[in-house]
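Colleague: Here is my input, please return the structure:
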Amino acid sequence: MVERGPRGLSLRALNAAARGRGLSRGQSHADARAILPTLVSHPAEPEREAEALARLALWCERWSPTVAIDAAMPGLEGLFVDIGAGAHLFGGEEAMVAAMHRSLRRAAVPACLAVADSPGAAWALARFSERPRTSVPPGGTRDAIATLPIDALRVGGEIVALARRFGLRRIGDLYAMPRAGLARRFRGDKGLALVTRLDAALGIEPEALQPHRPLPRHRIARAFAEPRTDMAGITAELEALADALAARLEPDGVGARALTLAGFRSDGGVTTLTLRLGLATRTVSIWLRLFREKGLDRLDIGFGIDALALSADVVEPLAERQPLLDGEEEQTREDLAELVDRLTARLGETAVLASRPRASWLPERALRWGPAQTAPDPDPSALPPDPRPRPILLLDPPEPVTVLAAEVPDGAPPSFTWRRVTRRVARSEGPERLSPEWWRGSAARTRDYFRVEDEAGTRYWLFRDGLYGWEDQDGAKPPTWWMHGLFP
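Modeller: From the prediction side, this is the model:
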């Protein structure tokens, strides 16, 4: 593949045949055509390559949850898969690498694989070894990479050129040289970079991997000798995974608030199903019912599922529940949460909403709506609970009323007309003044709220929008009266 740079077209990536004819990465396209007139080249597509690599990283999670994308050197991108903790589940490293190679080949993904004690050594062997599959036994890294070129240490072309000028062509040529002397041979930070990469490849310096996706603390995975091609088999495996995951959550005293089921298909695709819960739980029957509600039977399994993984993405501590005197447990809160979970699984997260408090004294702005399963974020500016009486029923929006002139400018009206019915005020309390929010501009006005009761005993919540005496200042409009709610 070729890419356009400041000096024109250059080679970005090569296959083995092109490298065997003497071509190299970074070489100008014109020079490469002069060396090999039959060269066939295609323009590089970095965005599509990155997207494909991300999909492949997700697919590789069938082998390990720690999968990191290596894109430090353009044209030599790849993946790091940490198999140290799970290789025994696949029969050891040799069997695991062989199974990975077969799966990739079956999915028509050309790849070279290598297993070594360090990420740097695995990177070097995967790209510069002549074998498509290499497995280095523990402690054999030093000898395995000794014959590889300096390029295999993931250093830039300038460092490689300087090393060749000093007669250093293989990694093994660096072993006998003292680290301090090796660093001084190169100008600036180049010597330090070479030494650091060498120690990282030999496992002397640790190299941290950044997983492509955050690692779930609680995850259960299972690979199958033969692909599961029917939903009955997949459902049975899910039940076993759920039981194992619940058992793993129990010692920590936590329950799952979000679960993800990942199915790794034999054709290289990955199908996932994620569900959220209103309350944390580790009850397997609830998980399975919600997965069915979410659409487990519609899961795209392609030509079969090679492996399944169930992870608890979000966990929360489970509080002890107080039993009632008759021995039964209080289920009201749990039943409501289960109902919300089932409706959300069927209708979608944005279809089931719940109100959340918002920092505003204005009644119609004191609440906001959001997904019912989403826990409210702590708001440092949240207002304390309002101790003043508020009506159960709020009208949205408030409805206009017509009033007679109040006895005093800040008093309640003696009567008002609402919905074409005139009501005489028998009792009143107020005003309760709410100042406007200054950041909303001049459109907001001061409100005076009154709790009034008519002769029939019905109680209302009226407010006056604006103040008397301000009509002629800055073009202010006369005050208006509104019905905002009713008390029980």
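Colleague: What mean pLDDT does stretch 369-378 get?
Modeller: Mean per-residue pLDDT for stretch 369-378: 67.
Colleague: now swap in stretch 59-77 and tell me
Modeller: On average, stretch 59-77 scores 82.
Colleague: tell me how far the ends of that stretch are from each other?
Modeller: 16 Å (CA to CA, to the nearest Å).
Colleague: Now do the helices in the chain.
Modeller: All helices of the chain, identified by DSSP state H, fall at 16-20, 29-35, 46-59, 93-106, 119-128, 141-144, 157-165, 179-184, 190-202, 231-249, 284-294, 332-347.
Colleague: Highest mean neighbour count out of those helices?
Modeller: Across those, averaging neighbours per residue (mean count of other CB atoms under 10 Å) puts helix 119-128 on top, at a mean of 23. For the C-beta atoms, the positions are set from N, CA and C on the backbone; glycine is no exception.
Colleague: Check the offset of that helix from the chain's centre.
Modeller: Its chain's C-alpha centre lies 30 Å from the corresponding centre of helix 119-128 when counted by CA atoms, centre = their mean, to the nearest Å.
Colleague: Quick one, grab the pLDDT at residue 141.
Modeller: On pLDDT, residue 141 comes in at 87.
Colleague: Now do it against residue 67, distance only.
Modeller: Per CB to CB, to the nearest Å, residue 141 is found 21 Å from residue 67.
Colleague: Backbone dihedrals for the residue nearest to residue 77 when sequence neighbours are not counted, please?
Modeller: Sequence neighbours aside, residue 71 is the residue nearest to residue 77 in space, at 4.8 Å (criterion: CB to CB, 6 or more residues apart in numbering). With angles defined as degrees, to the nearest 10, residue 71 sits at phi -120, psi 30.
Colleague: Can you give me the distance of residue 241 to residue 184?
Modeller: Here residue 241 is placed at a distance of 56 Å from residue 184 (CB to CB).
Colleague: Residue 390: which of the helices of the chain is closest?
Modeller: helix 332-347 (22.9 Å; CB to CB).
Colleague: Could you check the angle the closest one makes with helix 284-294?
Modeller: 30 degrees (axes from the mean of the first three to the mean of the last three CA atoms, to 10 degrees).
Colleague: name the helices or strands packed onto helix 332-347?
Modeller: Other helices and strands packing on helix 332-347, by 3 or more CB pairs under 8 Å, 6 or more residues apart in numbering; DSSP states H and E, are strand 270-281, helix 284-294.
Colleague: quick one: the last one to chain centroid distance?
Modeller: In terms of CA atoms, centre = their mean, the centre of helix 284-294 is set 22 Å apart from its chain centre.
Colleague: So for it, mean pLDDT?
Modeller: On average, the pLDDT along helix 284-294 is 89.
Colleague: which residues sit against it?
Modeller: Residues from elsewhere that reach helix 284-294 (CB atoms under 8 Å, 6 or more residues apart in numbering): 238-239, 242-243, 246, 256, 259, 261, 273, 275, 277, 281, 338, 341-342, 345-346.
Colleague: Kindly format the C-alpha coordinates of it as CSV.
Modeller: Output of helix 284-294 as CSV, limited to C-alpha atoms (Å, rounded to 0.1, in the frame of the first residue of the first chain):
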residue,chain,number,x,y,z
VAL,A,284,-30.0,-15.6,37.7
SER,A,285,-33.7,-16.0,36.9
ILE,A,286,-34.1,-12.2,36.5
TRP,A,287,-31.0,-12.0,34.2
LEU,A,288,-32.3,-14.8,32.0
ARG,A,289,-35.8,-13.3,31.7
LEU,A,290,-34.4,-9.9,30.8
PHE,A,291,-32.1,-11.4,28.2
ARG,A,292,-35.2,-13.1,26.6
GLU,A,293,-37.1,-9.8,26.8
LYS,A,294,-34.2,-8.0,25.2
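Colleague: if we can go back for a sec, mind putting the helices of the chain into CSV with distance to residue 373?
Modeller: Listed next are the helices of the chain as CSV, based on distance: least, CB to CB, whole Å:
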stretch, distance to residue 373
helix 16-20, 52
helix 29-35, 54
helix 46-59, 24
helix 93-106, 36
helix 119-128, 39
helix 141-144, 48
helix 157-165, 52
helix 179-184, 56
helix 190-202, 44
helix 231-249, 19
helix 284-294, 11
helix 332-347, 6
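Colleague: Mean pLDDT lowest where, among the ones you listed?
Modeller: helix 179-184 (a mean of 70).
Colleague: Residue 49 reaches residue 75, doesn't it?
Modeller: No - if you go by CB atoms under 8 Å, residue 49 and residue 75 don't touch, sitting 9.4 Å apart.
Colleague: Check the offset of stretch 118-126 from the chain's centre.
Modeller: 29 Å.
Colleague: now stretch 247-267
Modeller: 15 Å.
Colleague: Name the residues of it that are buried.
Modeller: Buried residues in stretch 247-267, counting neighbours by 16 or more other CB atoms under 10 Å, are found at 248-249, 254-266.
Colleague: among those, which one has the lowest pLDDT?
Modeller: Lowest in pLDDT among the buried residues of stretch 247-267 is residue 266, which has 81.
Colleague: What distance do you get for it to residue 297?
Modeller: Residue 266 is 20 Å from residue 297, by CB to CB.
Colleague: what's the answer for residue 459, then?
Modeller: 53 Å.
Colleague: out of these two, which sits in the busier spot?
Modeller: Set side by side, residue 459 and residue 297 show more neighbours around residue 459, with 16 against 10, by other CB atoms under 10 Å.
Colleague: check contacts around the nearest residue to that one once chain neighbours are set aside.
Modeller: Distances taken as CB to CB, 6+ apart put residue 487 closest to residue 459, at 3.9 Å, once the chain neighbours are dropped. Counting by CB under 8 Å, 6+ apart, residue 487 touches 389, 391, 392, 451, 459, 460, 461.
Colleague: The same query, at a cut-off of 7 Å, please.
Modeller: By CB atoms under 7 Å, 6 or more residues apart in numbering, the contact list for residue 487 reads 391, 451, 459, 461.
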